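K.L.:
Provided below are the primary sequence and the corresponding predicted coordinates.
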Amino acid sequence: MWNLDKPECKESWEPIVFDFRKLREGIIASYWSNGDIGFAIQVFEWSVNAALKAQNFEEMFKCLRGLVDELYPLKDSAKKTYFIVLDTLYFCCYLKDMKVVMNRLELMKDIDTKETKFVKKLIHYIFVSENPLKYFELYQHAPYLTYKVIMEHYHDTIRTRAIRTLRKAYLSVSLEWAKCWLGLEQEVDVVPCINKLIPCVDRVDVDRQIVYFIKSIRKRHVATNGAQRTPTTSPKMAATSTAQAAEPSTMPNSPITSFTQSTREPPERSYARPIMNTPQQQKVPSIPSPTRNIKDVNEPTVMTDSEKIALYEKKMRTILDTLSSDDWN
């Protein structure tokens, strides 16, 4: 009696799988048992069933290749849709090769049996509608237990897809509803199954039988400085540069220096106040520094001492007139 829940049952089939492999090697060496295609097909079909019951899927795949790709084309009347569909299920649920599955589906379009109807629905639920509810419902009504064995290798994939769908759509779901989506038999298996595939359970309300998901955080795309091609500076350097740019340029030991230092507002207040064209906010023209690059300004290249003194006196008179105006009172 074949029981999937008992490991000793699988182990008991391994010697039989080995014996069938030796028999297949002899059949291939004798060119399909000296032309007896019917006998060769029967041996390969038995080998497939034995490897499947032992859950030796690599050996089963070798048997299916010889059966479906080489022997069935030699004798069309011996084709069995059971093994053709089993081969398609292997590509669909075990290897997850969509390209091969679609090619096999095209070859079965004119075949109408319970096996082909089953696999066509399965392919639709997996690759088209991506519906876990329909998938697990179809799993429960599989025509053969061997088909269920192959489908079980796709359970984690469809369950992962179901968890992502539930998490995007709801912040919480009932354990009963999650059990249906995950194809589980008991509600106590819901949380362990979710944490195994995608650890996203925040908490479980035992009284209300509700599971809460961890709220997913979407990462916002931030453009890099290299993409914008703009230089960056630290906040401290930027504040220093702003403060230096706002300071009026004055001569050392000038009377305006102490006045501007006493009336200068802190940066946070000056940023908050609106800018108005008042006399006190107008910049006082400064005397060009002797160390300034004279090529960048339109000033005389050489100034005499008398010209410098006259220019300084003119600017000082302007400053005194500004300080004595009514706007400063």
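P.N.:
Okay, I see it.
K.L.:
Could you use CA atoms for every contact and neighbour count after this?
P.N.:
Will do.
K.L.:
For stretch 51-59, the averaged confidence score.
P.N.:
Stretch 51-59 carries an average pLDDT of 93.
K.L.:
got it, and stretch 148-157?
P.N.:
Rounded mean pLDDT across stretch 148-157 is 96.
K.L.:
pLDDT weak spots in the protein?
P.N.:
Where the chain drops to pLDDT under 70, the residues are 1-8, 217-303, 312, 319-329.
K.L.:
Can you give me the domain boundaries for it?
P.N.:
Following automatic domain parsing, the chain resolves into domains at 7-157, 162-213.
K.L.:
Quick check: end-to-end length of the last one?
P.N.:
In domain 162-213, first residue to last residue: 13 Å (CA to CA, to the nearest Å).
K.L.:
okay, the domains of the chain in JSON lines with mean neighbour count and distance to residue 304 next?
P.N.:
Converted to JSON lines, the domains of the chain look like this (neighbours: other CA atoms under 10 Å; distance: least, CA to CA, whole Å):
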{"stretch": "domain 7-157", "mean neighbour count": "16", "distance to residue 304": "88"}
{"stretch": "domain 162-213", "mean neighbour count": "16", "distance to residue 304": "79"}
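K.L.:
okay, these in TSV with distance to residue 316 next?
P.N.:
Below are the domains of the chain laid out as TSV (distance: least, CA to CA, whole Å):
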stretch	distance to residue 316
domain 7-157	83
domain 162-213	72
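K.L.:
between those, which one is nearest to residue 310?
P.N.:
Nearest to residue 310, of all these, is domain 162-213, at 77.6 Å by CA to CA.
K.L.:
which ones are touching residue 159?
P.N.:
132, 181, 182, 183, 197 (CA atoms under 8 Å, 6 or more residues apart in numbering).
K.L.:
contacting residues around residue 55?
P.N.:
For residue 55, the contact set (CA under 8 Å, 6+ apart) comprises residue 10.
K.L.:
Give me the three-state assignment for it.
P.N.:
Recorded secondary structure, residue 55: coil (DSSP: H, G, I helix; E, B strand; the rest coil).
K.L.:
So what does it look like in phi/psi?
P.N.:
phi 50, psi 40 (degrees, to the nearest 10).
K.L.:
Alpha carbons of the longest helix along the chain, as PDB, please.
P.N.:
The residue-count maximum for a helix in the chain (DSSP state H) belongs to helix 7-29. Backbone C-alpha positions of helix 7-29 (Å, rounded to 0.1, in the frame of the first residue of the first chain) are rendered in PDB as follows:
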ATOM      1  CA  PRO A   7       9.000   7.700   4.700                       C
ATOM      2  CA  GLU A   8       9.500   3.900   4.800                       C
ATOM      3  CA  CYS A   9       7.100   3.500   1.900                       C
ATOM      4  CA  LYS A  10       9.300   5.700  -0.300                       C
ATOM      5  CA  GLU A  11      12.400   3.900   0.800                       C
ATOM      6  CA  SER A  12      10.900   0.500   0.000                       C
ATOM      7  CA  TRP A  13      10.400   1.600  -3.700                       C
ATOM      8  CA  GLU A  14      14.100   2.600  -4.200                       C
ATOM      9  CA  PRO A  15      15.200  -1.000  -5.000                       C
ATOM     10  CA  ILE A  16      12.400  -1.400  -7.500                       C
ATOM     11  CA  VAL A  17      13.500   1.900  -9.200                       C
ATOM     12  CA  PHE A  18      17.100   0.600  -9.400                       C
ATOM     13  CA  ASP A  19      15.900  -2.700 -11.000                       C
ATOM     14  CA  PHE A  20      13.800  -0.900 -13.600                       C
ATOM     15  CA  ARG A  21      16.700   1.300 -14.500                       C
ATOM     16  CA  LYS A  22      18.800  -1.800 -15.300                       C
ATOM     17  CA  LEU A  23      16.000  -3.200 -17.400                       C
ATOM     18  CA  ARG A  24      15.700   0.100 -19.300                       C
ATOM     19  CA  GLU A  25      19.400   0.100 -20.000                       C
ATOM     20  CA  GLY A  26      19.000  -3.400 -21.500                       C
ATOM     21  CA  ILE A  27      16.000  -2.300 -23.600                       C
ATOM     22  CA  ILE A  28      17.900   0.700 -25.000                       C
ATOM     23  CA  ALA A  29      21.000  -1.400 -25.700                       C
END
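K.L.:
Right, I'll leave it there.
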